[in-house]
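**Q** Sequence and predicted model, in that order:
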Amino acid sequence: MTSIEQLQKSIAAEKARIKKAQDKDALQIEKSKLKKQLFELRKPKPSPTKLKAMGILKRTGRGLKVIGGKATPIIKKQARLIREQQLRDDAIQRKLAKRKKPKMKKMKTSSNPFGNLDF
């Protein structure tokens, strides 16, 4: 008889352990549900109109991103070419500025300032 009683006790202990584990799981599930509800209360869902507008904005943003990705290298190249041309122009200006201006020939002046004029 002792073996039957021991088996019944072990079965009862196992049932208690399983029930305790199930209670813990239920408690965890309840906690997660409450946390979710708290989060939803703090951050309410946007209205359907707002959701639609946000979707349009996301699609537009993606389109701009794609266009920007394709246009950026072209713009960078153009900016680099413009900068190189500006540097070349500046170098030419400096080179021209360094050249000596041709000297003007001085005319000999006579003692009579009105010698060339016919009156």
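**A** Sure thing, it's come through. Keep in mind that this is a model prediction, so the values were computed, not measured.
**Q** for the helix or strand containing residue 50, the distance to its chain's centre please.
**A** Here residue 50, judged by DSSP states H and E, is contained in helix 48-98. Between the centre of helix 48-98 and the centre of its chain there are 15 Å (C-alpha atoms, centre = their mean, to the nearest Å).
**Q** Need the mean per-residue confidence for that helix.
**A** Across helix 48-98, the average pLDDT comes to 87.
**Q** Let the chain start at 56 from now.
**A** Will do, 56 is the new start, and the previous item becomes helix 103-153.
**Q** Which neighbouring elements make contact with it?
**A** Packing contacts for helix 103-153, counted by 3 or more C-beta pairs under 8 Å, 6 or more residues apart in numbering; DSSP states H and E, involve no helix or strand. For glycine as for every other residue, the C-beta is placed from the backbone atoms N, C-alpha and C.
**Q** Alpha carbons only: can I get stretch 133-147 in PDB?
**A** Extracted in PDB, the C-alpha atoms of stretch 133-147 (Å, rounded to 0.1, in the frame of the first residue of the first chain):
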ATOM      1  CA  GLN A 133      29.400  68.400 -62.700                       C
ATOM      2  CA  ALA A 134      30.500  70.300 -59.500                       C
ATOM      3  CA  ARG A 135      34.000  68.800 -59.900                       C
ATOM      4  CA  LEU A 136      34.300  69.900 -63.500                       C
ATOM      5  CA  ILE A 137      33.100  73.400 -62.600                       C
ATOM      6  CA  ARG A 138      35.700  73.600 -59.800                       C
ATOM      7  CA  GLU A 139      38.500  72.400 -62.100                       C
ATOM      8  CA  GLN A 140      37.500  75.000 -64.700                       C
ATOM      9  CA  GLN A 141      37.500  77.700 -62.100                       C
ATOM     10  CA  LEU A 142      41.000  76.700 -61.000                       C
ATOM     11  CA  ARG A 143      42.200  76.800 -64.600                       C
ATOM     12  CA  ASP A 144      40.700  80.200 -65.100                       C
ATOM     13  CA  ASP A 145      42.300  81.500 -61.900                       C
ATOM     14  CA  ALA A 146      45.700  80.100 -62.900                       C
ATOM     15  CA  ILE A 147      45.400  81.800 -66.300                       C
END
